[in-house]
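J.: Kindly generate the corresponding structure for this input.
(chains A and B)
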There are 2 protein chains.
Amino acid sequence: MKLTILGCHSATPRWDANPTAQVLEVKGHLFLIDCAEGTQVQLRKFKIKFSRIRHVFISHLHGDHFFGLIGLIATFRLLGREAELHIYGPKGIKEAITLQLKLGASWTNYPLLFHELDSKEPTLIFEDEKVSVTTIPLNHRVYTNGFLIREKPGERGLDVDKARSLNVEMSYYRKIKGGADAVTKDGKIIPNAQITFDPEPTKSYAYCSDTGYFPQIVDQIKEVDMLYHEATFQEDHLELAEKTKHSTAKQAAAIARKAAVGTLVLGHYSGRYQDLEGFRTEAREIFDNVVLSEDGKVIEI
Amino acid sequence: MKLTILGCHSATPRWDANPTAQVLEVKGHLFLIDCAEGTQVQLRKFKIKFSRIRHVFISHLHGDHFFGLIGLIATFRLLGREAELHIYGPKGIKEAITLQLKLGASWTNYPLLFHELDSKEPTLIFEDEKVSVTTIPLNHRVYTNGFLIREKPGERGLDVDKARSLNVEMSYYRKIKGGADAVTKDGKIIPNAQITFDPEPTKSYAYCSDTGYFPQIVDQIKEVDMLYHEATFQEDHLELAEKTKHSTAKQAAAIARKAAVGTLVLGHYSGRYQDLEGFRTEAREIFDNVVLSEDGKVIEI
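T.: Sure thing, here's the model as predicted:
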């Protein structure tokens, strides 16, 4: 998994600070997660082949997560896109987008498929043989979901040298990788574990923005490899965080610690903080492995 | 009048090229004309005090003229704006904006007033004692208006020295500036023209984007000081211009010449042209005084 931060600030786009959008590369997919105004320019700036994006996940319908989507959809049209584009987001997103396309008499020439969300329970919204995406219901001023992206276990690794030396039928290799026991040319059965390795460990990423402190998510994100958790404020504005249903860096770290995640990535910083190191300092009081997101930063999971 | 080009390219926002938006400073107003995605960042970049904007004029509802409006409206809310904001644009603009505000539960805390347009005749849409704005119906794929902004004549200039030497009553000065004849302290009447100068000449600006070649506008924009006319293409793509209802640089120049305007400003360049000088060269075959718009360029009228 490779995460590219396209924007990690809250509220309004600024000359040097973009609101929330991320691209996650996972098992051949390029998932776009949130899409603030200016996201399409960020995609170009960071040289991401954005025609490869087929799935867009929108957490909620506040502008700093959503206002760039209509422009991206229009640009895909102008670029002659033919591939399907799947949009996952809160109920209402389809009407907001299609109304604008209708007003501009600019319906897409590629299939634009909306998957509107309104459940308050974690819901599997995308799945193929290699990866799954499940909503993480959050606690914000409007209906908001985070997203939990998990790789599925791949095939077992086959010890080919051993298989050959044991005279295992080559036609069995595929089944063996799938977990079946091996059969030699002379009919002897060899337990799968003797000639295979465990598959590559799977990776998982939880994206949680925007939300007030909400420990109810801990069970669902337990032990993910990486958690992006919003940290709009530092503790000096705890009251404002509570009022606006955002989190402080310390609260994000508390979630990371309870969930025993691998790495905590912070973002969605309020514009009032000039120096972002304070977010890291506060979070580290609670949880060690903290990364500050930055526009353009690439994080390998 | 002072025009600042915020963006002057067509179609999609790019890393170094912004789609259409302009700010016109006129008689104490800051009029925003069109508002593509990223316009609010351009306003910050060029250090325009954008809280002073009270009137936004949207020519049509294609993304490269309109998709930045919702973000600007949301930003004004976050900045605690209290002043009225007037939006002039095609019918449907109110629904598109208010739906998004509703979905984000982010209604503005300042008065947001829509003036929806659907007339195909030139219509006076704004007027105060110093300036007027009239639509210029254009010929594009969707309902589109340009805007004609005219200063109104100011007061006549009073020759104070002459008024004193002639013993004109000071209490008459205001009326004299308004055009009344003067009266001396001993009751003698002096014709207005003898002690006043003509007022400063008024300025006018016509904004015409997007449109196919449309000489029907010539009468309305006759002798304006400055005409911004779209030139999406050069003559090598005349057919494409006709098909998409855009203009070539030569066609823009033909309009400027027929209307005998002062200066022609070109913009809305297609991304296919690397070198923009070709637009100037083509236009100059027909009309001398050609300016190429550039993002950030300031043009005094």
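
J.: tell me the SS of A:N139?
T.: coil (DSSP: H, G, I helix; E, B strand; the rest coil).

J.: And it, what's its pLDDT?
T.: At A:N139, the model reports a pLDDT of 98.

J.: Please name the residues that touch the closest residue to it other than its chain neighbours.
T.: Leaving aside its sequence neighbours, A:N139 sits nearest to A:F214 (C-beta to C-beta, 6 or more residues apart in numbering or on different chains; 4.1 Å). For the C-beta atoms, the positions are set from N, CA and C on the backbone; glycine is no exception. Residues in contact with A:F214, defined by C-beta atoms under 8 Å, 6 or more residues apart in numbering or on different chains, are A:L138, A:N139, A:I255.

J.: so the second one makes contact with A:S247?
T.: No. A:N139 is beyond contact range of A:S247, at 9.5 Å (criterion: C-beta atoms under 8 Å).

J.: what sits in contact with each of these two?
T.: Taking C-beta under 8 Å, 6+ apart as the criterion, A:N139 and A:S247 both touch A:T211, A:G212, A:Y213.

J.: For the first one, grab phi and psi.
T.: What that stands for is A:T211. phi -160, psi 150 (degrees, to the nearest 10).

J.: what does the last one give?
T.: Its backbone dihedrals place A:Y213 at phi -60, psi 120, with angles given as degrees, to the nearest 10.

J.: And the pLDDT at it?
T.: A:Y213 is given a pLDDT of 98.

J.: Quick check: closest non-adjacent residue to it.
T.: Closest residue to A:Y213 apart from its sequence neighbours, by C-beta to C-beta, 6+ apart: A:Q251 at 4.2 Å.

J.: Just give the number of residues close to the one you found.
T.: 26 (other C-beta atoms under 10 Å in any protein chain shown).

J.: quick one: it from chain B, how far?
T.: The gap separating A:Q251 from chain B is 22 Å, by C-beta to the nearest C-beta, to the nearest Å.

J.: A helix includes that residue, no?
T.: Yes. According to three-state DSSP, A:Q251 belongs to a helix.

J.: how much space between it and A:K177?
T.: Counting by C-beta to C-beta, to the nearest Å, the gap from A:Q251 to A:K177 is 44 Å.

J.: cool, and A:P111?
T.: 34 Å.

J.: contacting residues around the residue in the stretch 151-300 of chain A positioned nearest to chain B?
T.: Distances between the stretch 151-300 of chain A and chain B by C-beta to the nearest C-beta are smallest at A:G271, namely 9.3 Å. Going by C-beta under 8 Å, 6+ apart, A:G271 touches A:H9, A:S10, A:A11, A:T12, A:R14, A:A17.

J.: ditto for A:P90
T.: A:I58, A:H60, A:L61, A:E116, A:L117, A:D118, A:V142, A:Y143, A:T144, A:N145, B:L103.

J.: what's the answer for A:K49, then?
T.: A:L30.

J.: ok so, going back, more neighbours: which of A:P111 and A:K177?
T.: With neighbours defined as other C-beta under 10 Å, A:P111 and A:K177 compare such that A:K177 has more, 16 against 11.

J.: Quick check on that one: phi, psi?
T.: phi -60, psi -30.

J.: List, one by one, the residues from the stretch 51-200 of chain A near chain B.
T.: Proximity of the stretch 51-200 of chain A to chain B (C-beta under 8 Å from any C-beta of the partner chain) is limited to residues A:60-63, A:66-68, A:70-71, A:74-75, A:78-79, A:90, A:92-93, A:95-96, A:99-100, A:103-106, A:141-142.
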